[in-house]
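Trainee: Predicted model, plus sequence, below.
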Amino acid sequence: MEALKESVDTSRVNFKQKPRRSSNLVETITQRFETMMHGKHLPGHTRSDSSPSYEIRLAKSVSDDDVHDLESQLKRQSSSDKMDLERESDSIKRALTDIYRTAKMLHNFSIMNYTGFVKIAKKFDKTFPDHKGIFKGNICDDGHQAEKLADRMERIYSKWFCDGDIREAQAQLLSKRGDGLMMDWTQLRLGYRLGMCSILALWVAWDCVWGQFSKGQVSIGGRSAFPVFRGCFGLLAWHWFWGMSVYVWSRYRINYIYLFEFDPRNVDTPIDIFNDAVDETFVFLVSMLMYYKADAHDMPLWIPPRAYPLFLICYTIKCLIFPWRMRRPMWMAIKQVFLAPFVSPTFFLVYVGDVFTSMVKVFQDLLWTVCFVASGDWILSEEEHEENNNVHTWTQTFWYKNVAIPLVCLFPLWLRFNQCLRRYLDTGKRFPNLANAFKYALSQSVTLFGTFHPLYLMNRGEEHTISLVDDDGQSGNLVFGNTKRSNTFQFFWMGLFVSSSLYSYCWDVYMDWGLGRREYGYLGPRLMFPKRTYYYMVMAADLVLRFMWVLTLIPPQSGARFELPAYLSAISMTVELFRRTIWSFFRLEHEHRQNTSGFRRVNVVPLHFSTGHKHKYHERHWVGWKVLVEIIVVTSIVIAVSAFSVIAAQRATHQVQLSHSTHNSSDL
């Protein structure tokens, strides 16, 4: 506090000069507050000015003349500029609110320190009466300067937005229960939508899985468009896992916003992420169920079955692009990852590259989806595919099986390999950059052998068959093969597979997580998660899941004996994404504790605190009555659909009974 007081007293910054064009007044004031809140720098000021004392000087520099000039500006603006003014006004409101709340928190912190110091001083006086009164005076600040700053923000806010009403300004500035989060109603909305998705998931499992065992029908996994749903499911699963990651990082104070260098204005809370994911899950399950029902002729064909996969593709593309203000940083990061090694990788770009290596199966299904739409197969129904006997013939072509699929398997590993080489070029450190590059080179060799040189196929090309006929006219076949060479190839493949898995596992534990130190019980020096059991359980699980990851690198239809069946691809894909999520928990914890890869100039990372105030230009406020109306509408639709289903079932039963009675009477 003494430093803050001194910085304010010695302030020589003058922002009171009016700009030449009065229309830029709002932008000038907005720029000041954006500078305070988000680290932007005004022209003519160096980066050394971006300190807490500089922010207070900026807040102090807003004069009453600026207030009156802004009011006159707002009155003279035309209707065409109202949208820009509203946006700038919202930005100023957020900046003032954050400064006010920060000052209040600093004032409370100062009071707690002052109170604690007074109690300690009293205890000291009782324990050492000879030195009684040595701590009297203004040794510890009582937060008066922070209180003055909060009062000034109240006056500015009241003049600009409350017509000078201080009480109204205080009511808007002070944080309220559920402010910015609306936790009660948001959790209610999330809860009942999760219930709807759970019922739909059970319905899909019952019709698609149980129908195959009880009636012998082909399940959804046997339909021609199943890879489309599987690829969209992979993206949806990662959306859920990302929300889980953000929740865990926020729960245990891992400052992912600081480590990833995110803009705080574009960061969603876990509740927001889960709300978006549950909406996408609802659309996904409805599309899958309608496609299966329509294709099995269990519902009227008002909409052709082939329209549902196409609708899901369009909806997925929409979710990946919009809202563009939130999706733009993601696509910019993906572009920079693709440009490796021409772009110096940041910690977030490295994280994205690691996630891509876990999404190989997802990318394969997305490639299949593109070919499915481009070839026109989505136009044909299931019966037409069976009649023509040409179900996706392009999957057996050379360009798809031996070119496109191997490239999809290799491309994420190649990106991470290039990022490691670029890190070596930037830092000049052979370790750990070249050692990490060797890990991805070893993983690429697994994919290459699985595609172009399948040594593990027991060398089927070396087998020869000779037909023999004995004296009795009985024929038989004699098969010759190089068994010794086949066994050698099997041992080579097993060694390559195991070496890649163990190398990746050791790198995860020792380098990415900072664990495995013998002096700390095979853990790390400083742990942020509460229980040591978590670390041991994750290290054991990662050993098994790493072998599953290498299995995902084997191209489909390669003939490998280790290749998973097609119906297990969705499970292996989900398991690998879950492993990557668990990996990210401890990877960011290690990066938070220690600057392991040298991405930051300083080793200290501030703890992550959720303030409950979202820095967004367009916030979604879920008011209670809106949520209740939504629940009533959804409940009415469910009741109507259920009643329609019961009536339709009764009519169908009645018609069956009439047909049976008519048939019996005709027999008589």
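Mentor: Ah, there it is.

Trainee: Output the below-cut-off pLDDT ranges for the stretch 301-450 of the chain.
Mentor: 382, 384-391, 450 (pLDDT under 70).

Trainee: tell me the helices in it, going along the chain?
Mentor: 307-321, 324-338, 347-357, 360-374, 382-388, 398, 405-427, 433-451 (DSSP state H, counting those that start in this stretch).

Trainee: residue contacts, residue 283?
Mentor: 312, 315 (Cβ atoms under 8 Å, 6 or more residues apart in numbering). Bear in mind the C-beta positions are built from the backbone N, C-alpha and C, glycine included.

Trainee: does it sit in a helix, a strand or a coil?
Mentor: Three-state call for residue 283 (DSSP: H, G, I helix; E, B strand; the rest coil): helix.

Trainee: Distance of it relative to residue 589?
Mentor: 34 Å (Cβ to Cβ, to the nearest Å).

Trainee: Next: residue 240.
Mentor: Distance from residue 240 to residue 589, by Cβ to Cβ: 21 Å.

Trainee: Then residue 299?
Mentor: 49 Å.

Trainee: again, but for residue 630
Mentor: 38 Å.

Trainee: Give me the more crowded residue out of those two.
Mentor: More neighbours surround residue 589 than the other of residue 630 and residue 589, with 23 against 14 (other Cβ atoms under 10 Å).

Trainee: which ones are touching the more buried one?
Mentor: By Cβ under 8 Å, 6+ apart, the neighbours of residue 589 are 252, 254, 513, 527-529.

Trainee: Mind giving me the ChimeraX command for buried ones among these?
Mentor: To isolate the buried subset of those in ChimeraX, counting by 16 or more other Cβ atoms under 10 Å, use the following:
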select :252,254,513,527,528,529
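
Trainee: Could you find which two of the contacts of residue 589 are furthest from each other?
Mentor: For the contacts of residue 589, the maximum inter-member distance is 14.4 Å, found between 252 and 513 (Cβ to Cβ).

Trainee: and the closest residue to residue 244 other than its chain neighbours, what element?
Mentor: Excluding its sequence neighbours, the residue lying closest to residue 244 (Cβ to Cβ, 6 or more residues apart in numbering) is residue 581, at 6.1 Å. Taking DSSP states H and E as the criterion, residue 581 maps to helix 569-593.

Trainee: Just want the angle from that helix to helix 360-374.
Mentor: Counting by axes from the mean of the first three to the mean of the last three Cα atoms, to 10 degrees, helix 569-593 lies at 130 degrees to helix 360-374.

Trainee: now the angle from helix 569-593 to helix 347-357?
Mentor: Computed by the same axes, to 10 degrees, the angle between helix 569-593 and helix 347-357 is 160 degrees.

Trainee: and helix 569-593, average pLDDT?
Mentor: The average pLDDT within helix 569-593 is 93.

Trainee: Please apply the same query to stretch 229-239.
Mentor: So the average pLDDT for stretch 229-239 ends up being 96.

Trainee: Alpha carbons of it, as CSV, please.
Mentor: The C-alpha trace of stretch 229-239 is given here as CSV (Å, rounded to 0.1, in the frame of the first residue of the first chain):
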residue,chain,number,x,y,z
PHE,A,229,-21.8,-40.1,-36.4
ARG,A,230,-18.6,-41.5,-35.0
GLY,A,231,-16.5,-38.6,-36.2
CYS,A,232,-19.0,-36.0,-34.9
PHE,A,233,-19.0,-37.9,-31.6
GLY,A,234,-15.2,-37.6,-31.3
LEU,A,235,-15.4,-33.8,-31.6
LEU,A,236,-18.3,-33.7,-29.2
ALA,A,237,-16.4,-35.9,-26.7
TRP,A,238,-13.5,-33.6,-26.8
HIS,A,239,-15.8,-30.6,-26.1
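
Trainee: which residues sit against that stretch?
Mentor: 220, 273, 276-277, 280-281, 284, 287-288, 291, 309, 312-313, 316, 320, 355, 359, 361-362, 364-366, 368-369, 569-570, 573-574, 577.

Trainee: For PyMOL, write the selection for the buried entries among those.
Mentor: In PyMOL syntax, the buried subset of these is picked out as below (16+ other Cβ under 10 Å):
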select buried, resi 220+273+277+280+281+284+287+288+291+309+312+313+316+355+359+361+362+364+365+366+368+369+569+570+573+574+577
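
Trainee: Tell me the first helix or strand C-terminal of the helix or strand hosting residue 156.
Mentor: Using DSSP H and E, residue 156 maps to helix 144-161. On the C-terminal side of helix 144-161, the nearest following helix or strand under DSSP H and E is helix 166-173.

Trainee: Which neighbouring elements make contact with that following helix?
Mentor: Counting contacts by 3 or more Cβ pairs under 8 Å, 6 or more residues apart in numbering; DSSP states H and E, helix 166-173 packs against helix 82-127, helix 144-161.

Trainee: And the next helix or strand past it?
Mentor: helix 183-205.

Trainee: thought residue 273 was touching residue 241?
Mentor: No. Between residue 273 and residue 241 there is no contact under Cβ atoms under 8 Å: 10.1 Å.

Trainee: The nearest residue to residue 365 once chain neighbours are set aside: neighbour count?
Mentor: Counting by Cβ to Cβ, 6+ apart, residue 365 lies nearest to residue 231, which is 3.1 Å off, once chain neighbours are set aside. The number of residues packed around residue 231, counting by other Cβ under 10 Å, is 26.

Trainee: so which helix or strand takes in residue 231?
Mentor: Counting by DSSP H and E, residue 231 is part of helix 226-251.

Trainee: Give me the angle between that helix and helix 569-593.
Mentor: Going by the same axes, to 10 degrees, helix 226-251 makes 20 degrees with helix 569-593.

Trainee: Tell me what angle helix 226-251 forms with helix 307-321.
Mentor: Using the same axes, to 10 degrees: helix 226-251 against helix 307-321 is 30 degrees.

Trainee: going on from helix 226-251, what's the next piece of helix or strand?
Mentor: Following helix 226-251 toward the C-terminus (DSSP H and E): helix 256-260.

Trainee: Show me what the mean pLDDT comes to for that next one.
Mentor: 91.

Trainee: who touches it?
Mentor: 245-246, 249-250, 262, 264, 267, 347-348, 351, 588, 591-592, 605-606, 608.

Trainee: at 7 Å what do you get?
Mentor: Residues from elsewhere that reach helix 256-260, judged by Cβ atoms under 7 Å, 6 or more residues apart in numbering: 246, 249, 264, 267, 347-348, 588, 591-592, 605-606, 608.

Trainee: Export the helices of the stretch 301-450 of the chain to CSV and append columns for distance to residue 502.
Mentor: Formatted as CSV, these follow (distance: least, Cβ to Cβ, whole Å):
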stretch, distance to residue 502
helix 307-321, 36
helix 324-338, 27
helix 347-357, 17
helix 360-374, 20
helix 382-388, 44
helix 398, 35
helix 405-427, 17
helix 433-451, 10
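
Trainee: Which of the ones you listed sits closest to residue 119?
Mentor: Taking those one by one with Cβ to Cβ, helix 347-357 is closest: 43.1 Å.

Trainee: Compute the inter-axis angle for the closest one and helix 324-338.
Mentor: 80 degrees.

Trainee: Which neighbouring elements make contact with helix 347-357?
Mentor: On a contact count with 3 or more Cβ pairs under 7 Å, 6 or more residues apart in numbering; DSSP states H and E, helix 347-357 meets helix 256-260, helix 324-338, helix 405-427.

Trainee: Does residue 392 touch residue 376 like I think?
Mentor: No. Using Cβ atoms under 7 Å, residue 392 is not in contact with residue 376, being 11.2 Å away.

Trainee: Which of these two has more residues huddled nearby?
Mentor: residue 392 (15 against 8).

Trainee: Report the separation between the more buried one and residue 443.
Mentor: 29 Å.

Trainee: And the strands in the stretch 451-600 of the chain, which stretches?
Mentor: Per DSSP state E, counting those that start in this stretch, the stretch 451-600 of the chain carries strands over the ranges 464-469, 475-480.
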